[in-house]
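Trainee: A structural model of the following input is requested.
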Amino acid sequence: MRPTLLLLALAGFGAHGAAGADDIKLNQLGFLPGAAKVAVVPDGAARDFAVVEQGSGKVVFTGALGPATRSADAGDTVRLASFAALTAPGKYRLRVAGQADSLPFEISPSAYQAVSAAALKAFYFNRASTALDAQHAGIYARAAGHPDTQVLIHASAASPARPAGTVISSPKGWYDAGDYNKYIVNSGISTYTLLAAYEDFPAFFQQQKLNIPESGNGRPDILNEVWWNLEWMLTMQDPEDGGVYHKLTNLRFDGNIMPAQATQPRYVVQKTTAAALDFAAVMATASRVYAPFDQAMSARMLSAAQAAWRWAQQHPRQFYQQPKDVATGEYGDQDVSDEFAWAAAELYITTGNDDFYKALRAPEQAATVASWGDVRGLAWLSLARHRKTLSAAADQQLIVSRVDTLARKLADGWKQSAYGIPMQTSDFVWGSNAVALNQAMVLLHGYRLTNQRAYLDAAQAGFDYVLGRNATEMSFVTGYGARSTQHPHHRPSEADGIAAPVPGFLAGGPQPGQQDQQHCSARYPSKLPARSYLDHECSYASNEIAINWNAPLVYVSAGLQALTPARPN
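Mentor: This is a model prediction of the structure:
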């Protein structure tokens, strides 16, 4: 048990559960001067609130609390405190009569730069096939593990040119989550989201310095980090036919050990349609992003994308089937219509070939909040991003309408929420924090398209949610916030002997399924959707980390920093 447990107890909440229901809840990092600024206050006798300077207690802002509203997801009645008009940089607390002062927060023009950099550097900390040295990793330096230069072709992936047992080399890439395996499907949405962040906010990322080994090589560090994973993804394509292996994995999960201690044989498992299409979409996107930096690699990635697309067309229903001797993550998907749409959209944008737009079948595609199992929404975000350079084949009105309609739906939910967030009951699923941030990503796209301030404010609310404005009163980002996740289900954080977890990782978040309860010695504090969170290493259902959860954290933190006006309007 870690020394931080004592600190957690002193902070006023249990080591394995969440804080009580009687505290003020807000973004524990703080706000940009021009941002919407909202806190959630438990209902009581008070009808007003004040913002006071941290330290001196000087009152700098007063306001009326909003109406009392019941939250079924959290099981409480709350009021909202809005203080957008407070723009002066400084450190503050929210004060309400009858309540303890809120945790401290800051108003600063650079409020989200540090967390954005940490969220991105978390990918460096999850690199496979390399040592992390003290110069770049500090106290989280570790020896290399999983070289993946002697990977076996699993029987499910065998082909005439590569029979079972053939040895291939497939190094680099990111560990997918709290485990040490690498999965193309989940890598797809994660890599794309980082590339999209760069496409949308290049100036922000050109100024960002991560202190990774490639820093200073002439490319922005976000593209240096993504490159590490793209190089691995390219090795997962069979050069004979263009098909893409679904995952690179052990037959069983590693225990709670460091990467260098993990020596199980590694395999590439089955080619699938979903893997090929996710690969095609990412490589088409990467081809255009890296073209200014490396023309030869850009051409190679586009060629790889087109080969994977052709394979998928020839194998449209090659769904993942977990082999009997494999027990690691599946990322199975029996509906790949969304992957076909997304890959077609990215290939159309990159090549300008109208045949890909026709293959997209745009009128049939809804806009949805993206997840690894439903990526059709990514097609619309990319089309919206590049709409001014698309050919006449693209329906411009449809593109804007799809994104705007989804953003409006999310904003409507935000307006009706007791906690003032876009999250609804159905959103408290496995990885619910990523749902909140992927919603925010859509809202930021909607704001860029329409300049409707409500979309920006709703996106801010989703970001506030993961940083403390939630029923657990936790910041779900390790190392950020006065009450942050301390015990993520993440093997290096569990096995490295360091009290504090690796910083910058987003925990999965509350969800009532509690699929891990039978494996946990600790108990969940509640079954309510918004409170069903367990800050314990055993809780893979609520407290694991994953690259597809961190990627929208990078996007949204950068987007808010880049898009929020200097003053509220």
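Trainee: rest of the way, CA atoms for contacts and neighbours
Mentor: Will do.
Trainee: where exactly do the helices run in the stretch 1-150 of the chain?
Mentor: In the stretch 1-150 of the chain, the helices defined using DSSP state H, counting those that start in this stretch lie at 4-11, 113-125, 134-137.
Trainee: Strands along the stretch 1-150 of the chain, start to end?
Mentor: 30-31, 38-42, 48-53, 59-64, 69-71, 76-82, 90-95, 105-107 (DSSP state E, counting those that start in this stretch).
Trainee: and the ones you listed as CSV, adding mean neighbour count, distance to Val369 and mean pLDDT?
Mentor: Supplementary listing: the strands of the stretch 1-150 of the chain in CSV, determined by neighbours: other CA atoms under 10 Å; distance: least, CA to CA, whole Å; pLDDT from 0 to 100:
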stretch, mean neighbour count, distance to Val369, mean pLDDT
strand 30-31, 24, 25, 98
strand 38-42, 25, 24, 98
strand 48-53, 19, 35, 98
strand 59-64, 14, 34, 98
strand 69-71, 16, 23, 98
strand 76-82, 21, 26, 98
strand 90-95, 20, 33, 98
strand 105-107, 21, 30, 98
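Trainee: Adding distance to Ser129, write those out as a markdown table.
Mentor: Listed next are the strands of the stretch 1-150 of the chain as a markdown table, based on distance: least, CA to CA, whole Å:
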| stretch | distance to Ser129 |
| --- | --- |
| strand 30-31 | 37 |
| strand 38-42 | 43 |
| strand 48-53 | 48 |
| strand 59-64 | 52 |
| strand 69-71 | 46 |
| strand 76-82 | 47 |
| strand 90-95 | 42 |
| strand 105-107 | 39 |
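Trainee: out of those, nearest to Thr389?
Mentor: strand 30-31 (34.6 Å; CA to CA).
Trainee: That closest one pairs with which strands, and in what direction?
Mentor: With DSSP bridges as the test, strand 30-31 is paired with strand 105-107 (parallel).
Trainee: beta partners for Pro42?
Mentor: Val78.
Trainee: That one and Leu26 touch, don't they?
Mentor: No: between Pro42 and Leu26 there is no contact under CA atoms under 8 Å: 11.8 Å.
Trainee: which neighbours do these two share?
Mentor: Residues touching both Pro42 and Leu26 (CA atoms under 8 Å, 6 or more residues apart in numbering): none.
Trainee: Give the buried residues for stretch 131-151.
Mentor: For stretch 131-151, the neighbour count (16 or more other CA atoms under 10 Å) marks 131-133, 136-137, 140, 142, 144-148, 150-151 as buried.
Trainee: I'd like these as CSV, with distance to Val336 and pLDDT appended.
Mentor: Output for the buried residues of stretch 131-151, formatted as CSV (distance: CA to CA, whole Å; pLDDT from 0 to 100):
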residue, distance to Val336, pLDDT
Ala131, 37, 98
Leu132, 37, 98
Asp133, 41, 98
His136, 40, 98
Ala137, 39, 98
Tyr140, 39, 98
Arg142, 38, 98
Ala144, 36, 98
Gly145, 34, 96
His146, 31, 98
Pro147, 32, 98
Asp148, 29, 98
Gln150, 31, 98
Val151, 28, 98
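Trainee: Would you mind giving these as CSV with distance to Trp549 added?
Mentor: Shown next, in CSV, are the buried residues of stretch 131-151 (distance: CA to CA, whole Å):
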residue, distance to Trp549
Ala131, 24
Leu132, 22
Asp133, 25
His136, 23
Ala137, 21
Tyr140, 21
Arg142, 23
Ala144, 24
Gly145, 23
His146, 23
Pro147, 25
Asp148, 25
Gln150, 30
Val151, 27
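Trainee: Pick the one among these closest to Pro292.
Mentor: Nearest member of the buried residues of stretch 131-151 to Pro292, counting by CA to CA, is His136, at 26.8 Å.
Trainee: which ones are touching the closest one?
Mentor: His136 makes contacts with Asn211, Ile212, Pro213, as judged by CA under 8 Å, 6+ apart.
Trainee: among those residues, who's most crowded?
Mentor: Most neighbours among these, by other CA atoms under 10 Å: Ile212, with 18 neighbours.
Trainee: Quick check: mean pLDDT of stretch 363-382?
Mentor: Per-residue pLDDT over stretch 363-382 has a mean of 98.
Trainee: Distance across that stretch, terminal residue to terminal residue?
Mentor: One end of stretch 363-382 to the other measures 16 Å (CA to CA, to the nearest Å).
Trainee: Could you list the residues in contact with that stretch?
Mentor: Contacts of stretch 363-382 (CA under 8 Å, 6+ apart): 185-186, 188-189, 196, 331, 333, 338-339, 341-343, 345-346, 398-399, 402-403, 406, 435, 438-439, 442, 445, 548.
Trainee: do stretch 437-448 as well
Mentor: In contact with stretch 437-448 (CA under 8 Å, 6+ apart) are residues 369-371, 381, 403-404, 406-407, 410-411, 422, 452-456, 458-460, 462-463, 552-553, 555-556, 559-560.
Trainee: Among these, name the buried ones.
Mentor: 369-371, 381, 403-404, 406-407, 410-411, 422, 453-456, 458-460, 462-463, 552-553, 555-556, 559-560.
Trainee: Alright, that wraps it up for me.
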